[in-house]
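Enquirer: just a sequence and a predicted model for now, questions to come.
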Amino acid sequence: MKKRLTFVVLSLIVALTLTSIPAFSYTITNIEAKGIYTYGNTGFYLGTVIGVNDSIAVLEEVLAQLGYNVDVVTSSKVDAPSTSSPAGSDFPLYMTYTDENKSGTWATFQSPETSSGAALVDYYVVKGANEFALYRVNIPAAFGTWNVENLRTPNGKNNPEISHFSGYDPPQPVPEPATMLLFGLGLVGLAGIRRKFKK
């Protein structure tokens with residue numbers, strides 16, 4: 001019994017260690033806001049991720065590193081300077097641009113008449129070059145504003161550019177690995193106590 005328990009505990013430790021190793025190579029940094037734009041960024045700036053694209057797998061890993069253990073349910077993307085997401089997206093996304101495509105608005109509905117039942121965005125990305133600025137919308141919303149203030153300025157010039165905008169549907173919470181480990185150890189402990197009392 002002791003060997004089996006030791007094996008289970010060691011297996012859990014190895015599994016938790018492997019899941020905490022980043023699968024992608026990137027840097028998360030805070031970039032001081034630069035520039036004056038017509039629109040601000042809706043929500044809270046979480047950081048700028050440098051060296052990787054904003055796939056769902058990358059986003060989930062970055063969010064986990066920042067303490068948000070979530071599964072992204074659906075997403076939608078608009079390549080600048082397009083004003084809408086392509087057909088086949090998880091949900092519609094519409095963009096406007098001002099300040100020479102450096103700020104604007106986003107919405108998951110095309111007009112007020114179509115806003116009922118529109119998808120709600122919890123996280124969004126403003127991507128430029130090989131980096132993206134990540135934001136969290138505290139109360140999921142179907143409409144917001146954006147700008148490029150937290151992107152780096154290429155070649156020292158003060159002109160960061162957006163390549164695309166991605167919105168992410170409200171995530172479903174997932175248990176943290178440490179919580180699952182404690183839960184598992186608790187069950188093993190209860191089983192051991194029960195067995196002891198049966199003797």
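Expert: Sure thing, it's come through. Numbering: from 1, shown residues only.

Enquirer: and stretch 121-136, how far apart are its ends?
Expert: 9 Å (Cα to Cα, to the nearest Å).

Enquirer: off-centre distance for that stretch?
Expert: 8 Å (Cα atoms, centre = their mean, to the nearest Å).

Enquirer: so for that stretch, mean pLDDT?
Expert: Summarised as a single mean, pLDDT over stretch 121-136 is 95.

Enquirer: list the buried ones in it?
Expert: 121-128, 131-136 (16 or more other Cβ atoms under 10 Å). From N, CA and C alone the C-beta is placed, and that goes for glycine too.

Enquirer: filter these down to the ones in strands?
Expert: Judged by DSSP state E, the buried residues of stretch 121-136 include 121-128, 131-136 as members of strands.

Enquirer: assumed Glu61 was part of a strand.
Expert: No. Assignment of Glu61 by DSSP: H, G, I helix; E, B strand; the rest coil gives helix, placing it outside any strand.

Enquirer: which residue, other than its chain neighbours, is closest to Glu60?
Expert: Excluding the flanking residues, the one nearest Glu60 by Cβ to Cβ, 6 or more residues apart in numbering is Val72, at 5.9 Å.

Enquirer: work out which residue lies at the spatial centre of the protein.
Expert: The structure's the chain has its C-alpha centroid closest to Leu59; by Cα atoms, centre = their mean the separation is 4.3 Å.

Enquirer: check what pLDDT that one gets.
Expert: pLDDT at Leu59 comes out at 94.

Enquirer: who's in contact with it?
Expert: Neighbouring residues of Leu59 by Cβ atoms under 8 Å, 6 or more residues apart in numbering: 72, 123, 125, 134, 168.

Enquirer: who is the third one paired with across the strands?
Expert: Beta-bridge partners of Val125, counted by DSSP bridges, are Leu134, Ser166.

Enquirer: hang on, the earlier thing: how far away is the residue nearest to the centre of the chain from Thr145?
Expert: Noted for Leu59: a distance of 21 Å to Thr145, by Cβ to Cβ, to the nearest Å.

Enquirer: I am finished for the moment; much appreciated.
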